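Q: sequence and predicted structure below; questions after.
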Amino acid sequence: MRRLGLGALALLLLTAPVWLASPYHLHVLIMAGIFAILALSLNLLLGYTGQLSLGHAAFFGIGAYTSALLALKAGWSFWPALGAAAALSGAAGWGIGRLALKLRGAYFVLVTISFAGVISLVSVNWMELTNGPLGLPGVPPPDLGPWALRTKGAYYYLVLAAAALAYGVCHRLVHSRIGRAFLALRENEPLAESVGVDVTHYLVLAAVVSAALAGVAGSLYAHYTRFVSPEVFLFSYTVTMVIMVVAGGKGTLAGPVVGALLFTVLPEALREAVSWQWQMLAYGVLLLALLFFLPRGIVPAVARAMRPARTVGVRSRSAPGARGEPE
Amino acid sequence: MLSVEDLGVEFGGVVALAGVSFTVRPGTITSLIGPNGAGKTTAFNAITGYLRPGRGRVTYDGAPLGGRRPFEIARRGVVRTFQKTSVFPTLSVRDNVLIGLHLRGTAGVLAVLRGGRRIGDEERRLADEAARIVAFVGLAHRVDEIASGLPYGEQRLVELAVALAARPRMLLLDEPAAGMTGAEKERLTALIRRIRGEDVTVFLVEHDMRVVMGISDTVIVLNGGRVIAEGAPAAIQAHPEVIRAYLGSSGAPA
């Protein structure tokens, strides 16, 4: 049953360019794929280590600029530029992870926001390198052997493959002792340390992998839109990623993908369905309803609905009372 | 052997430990007791790296533990539990113990991303080990349940299982019987004996005198940040200073 569903989904995704009539719809799917990679990457930090990065657009933007600059100024082809984008974003993630070693919660959030702010300012003001607010036009399309992936159909498959790869990376990590160490950090840090988990090591590792994946998404975005500007650092990109992860189901593998699909397709669908005055309002109401009725996200809710009803023991958590010494 | 010499801790001018020295002999069950505020948990925190003592020396098997972080101390075989119930709350009992088995896995990030048989074998080995430990503490029927949903006494057993998974050579238990029913305490006592039987030195802070006097080889009594007595349970119960400082003041609970 489950295998059948996955097979159908794979077939659906693989044949999308055939049955999707308009290139516009394909464009929406490509953007959904890029955002799926971003949401997967954010979810590693937010969903598994429990640390909210509100500067995630910075890793996306670093990836986009790295790839675009190497292609435009150094004449690199797409693939090495993609690798460099992942590496540089990953290095930035390492820096943030090291900086935030001892910081958790709100302080971690602040460091990531400030980092994104600084990087964004650099992109606007370092005219010689980034061309400032004018951006970098003319980023070449990727090539695969003798073919240039100019068509939307070809690009769709490239993004699909990258998203599948990102999903695979997250899947393997999460189902390993490394993923369990991430969870331990989210769940109970002192306890994790008491059994020998070097939590700071794993926080840095999660930040590096997460940032590198966001860098990959940035590179894909740059070579798809063929244009990079400081807009890639917009805070609203980060907010969109957070919405995708939270609404889809943070700390689940499928959640960010579902969230990315939904929140890329939804605004476009609303644009067609209702007049522009009501678009944002409808979007907001839908989002609120979703969070109100499915606070843990879509995927956990669906998973629970599909599981055969199991009697769950009464949640008794008798308080231990105030005994012992003060901490 | 765990050796504590002249351990001193102050919190903003309040002396929590005023130069405490004791040793815990290998293969024993040793209890640290004392009235509230005597400094028992502070001593645990200082030994296991959760607190940096102002002065003093802690060594385990001759190696200094001072200045090391908790996870490094755990890697040397000194593993603790916490006074307040401390589990990985939203995870299943199995996953709790699997996290405890962290040090028994070897897979690094590249190996994990490459995947393959070795990783699969290791995961299966860890899963078997987790099942064995869960059964050891008597929670086999709870293995798939979410830790925070368990009754309090069983959550304490989850904690114990997590600590055991880290394969301690010395296990520090901070009030393991707190909040347990009488029957649960008896099971816990039997468990602690079995743990010692597997060559693990047990060092515990405990308020329940029946538990302490029933299982300890040695009892160390703290009061006001100092060791006031040390000896076999019978000797401690008869020790005049202990009776005056501790047992007497709380209505001779022994």
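A: All right, it came through fine. Computed from a prediction, not measured in an experiment: that's the story for all the values here.
Q: quick one: the strands in the chain?
A: No chain in the question, so chain A it is. A:136-137, A:143-144, A:147-148, A:227-228 (DSSP state E).
Q: I was after chain B.
A: B:2-11, B:14-24, B:29-33, B:55-60, B:63-64, B:78-80, B:170-174, B:201-205, B:218-223, B:226-231.
Q: chain A is nearest to which of those?
A: Evaluated with Cβ to the nearest Cβ, these place strand B:78-80 nearest to chain A, the distance being 5.4 Å. In this view, the C-beta of every residue, glycine as well, is placed from N, C-alpha and C.
Q: what packs against the closest one?
A: helix B:40-47, strand B:170-174 (3 or more Cβ pairs under 8 Å, 6 or more residues apart in numbering or on different chains; DSSP states H and E).
Q: swap in 6 Å and give it another go.
A: Strand B:78-80 sits against strand B:170-174, with contacts defined as 3 or more Cβ pairs under 6 Å, 6 or more residues apart in numbering or on different chains; DSSP states H and E.
Q: residues in contact with residue A:279?
A: By Cβ atoms under 6 Å, 6 or more residues apart in numbering or on different chains, residue A:279 lies in contact with residue A:270.
Q: how about a cut-off of 10 Å?
A: Residues near residue A:279 by Cβ atoms under 10 Å, 6 or more residues apart in numbering or on different chains: A:267, A:270, A:271, A:272, A:273.
Q: which of those tops the neighbour count?
A: residue A:270 (18 neighbours; other Cβ atoms under 10 Å in any protein chain shown).
Q: quick check: the gap between it and residue A:285.
A: According to Cβ to Cβ, to the nearest Å, residue A:270 and residue A:285 sit 11 Å apart.
Q: likewise for residue B:189?
A: 58 Å.
Q: more crowded one of the two?
A: Higher neighbour count among residue B:189 and residue A:285: residue B:189, with 19 against 11, using other Cβ under 10 Å.
Q: just the strands of chain A: most buried one?
A: Of all those, strand A:227-228 has the most neighbours on average by mean count of other Cβ atoms under 10 Å in any protein chain shown, namely a mean of 22.
Q: ok, residues contacting that one?
A: Strand A:227-228 has contacts (Cβ under 10 Å, 6+ apart) with A:61, A:63-69, A:72, A:123, A:130-131, A:135-139, A:218-219, A:221-222.
Q: could you dump the strands of chain A into JSON lines with mean pLDDT added?
A: Compiled in JSON lines, those are given as follows (pLDDT from 0 to 100):
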{"stretch": "strand A:136-137", "mean pLDDT": "87"}
{"stretch": "strand A:143-144", "mean pLDDT": "82"}
{"stretch": "strand A:147-148", "mean pLDDT": "76"}
{"stretch": "strand A:227-228", "mean pLDDT": "91"}
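Q: any chance of JSON lines for those, columns distance to residue B:112?
A: Converted to JSON lines, those look like this (distance: least, Cβ to Cβ, whole Å):
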{"stretch": "strand A:136-137", "distance to residue B:112": "36"}
{"stretch": "strand A:143-144", "distance to residue B:112": "29"}
{"stretch": "strand A:147-148", "distance to residue B:112": "34"}
{"stretch": "strand A:227-228", "distance to residue B:112": "33"}
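Q: to residue A:44, which of those lies closest?
A: Residue A:44 lies closest to strand A:227-228 among the strands of chain A, at 24.4 Å (Cβ to Cβ).
Q: list the pairing partners of the lowest-mean-pLDDT helix or strand in chain A within its sheet, with orientation.
A: Counting by mean pLDDT, DSSP states H and E, chain A has its least confident helix or strand at strand A:147-148, which shows a mean of 76. On the basis of DSSP bridges, the sheet neighbours of strand A:147-148 come out as strand A:143-144 (antiparallel).
Q: the partner strand: how far from the chain's middle?
A: 25 Å (Cα atoms, centre = their mean, to the nearest Å).
Q: mind putting the contacts of residue A:279 in JSON lines, distance to chain B included?
A: Output for the contacts of residue A:279, formatted as JSON lines (distance: Cβ to the nearest Cβ, whole Å):
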{"residue": "A:267", "distance to chain B": "32"}
{"residue": "A:270", "distance to chain B": "34"}
{"residue": "A:271", "distance to chain B": "38"}
{"residue": "A:272", "distance to chain B": "40"}
{"residue": "A:273", "distance to chain B": "38"}
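Q: list the buried residues of stretch B:7-16.
A: B:7, B:8, B:9, B:16 (16 or more other Cβ atoms under 10 Å in any protein chain shown).
Q: and residue B:166, what does it touch?
A: Counting by Cβ under 10 Å, 6+ apart, the residues that residue B:166 touches are A:194-197, B:71, B:74-75, B:77-80, B:97, B:99-104.
Q: and what of residue A:287?
A: By Cβ under 10 Å, 6+ apart, the contact list for residue A:287 reads A:243, A:246, A:247, A:263, A:266.
Q: residues in contact with the residue lying closest to residue A:20 once chain neighbours are set aside?
A: Leaving out its chain neighbours, the residue that sits closest to residue A:20 by Cβ to Cβ, 6 or more residues apart in numbering or on different chains is residue A:26, at 5.3 Å. Residues in contact with residue A:26, defined by Cβ under 10 Å, 6+ apart, are A:16, A:17, A:20, A:151, A:152, A:153, A:155, A:156.
Q: let's see which of those residues end up in helices.
A: In this view, these that belong to helices under DSSP state H are A:16, A:17, A:152, A:153, A:155, A:156.
Q: tell me how far the nearest residue to the fourth one once chain neighbours are set aside lies from residue A:154.
A: Nearest non-adjacent residue to residue A:153, counting by Cβ to Cβ, 6+ apart: residue A:17, 4.0 Å away. Distance, residue A:17 to residue A:154, by Cβ to Cβ: 9 Å.
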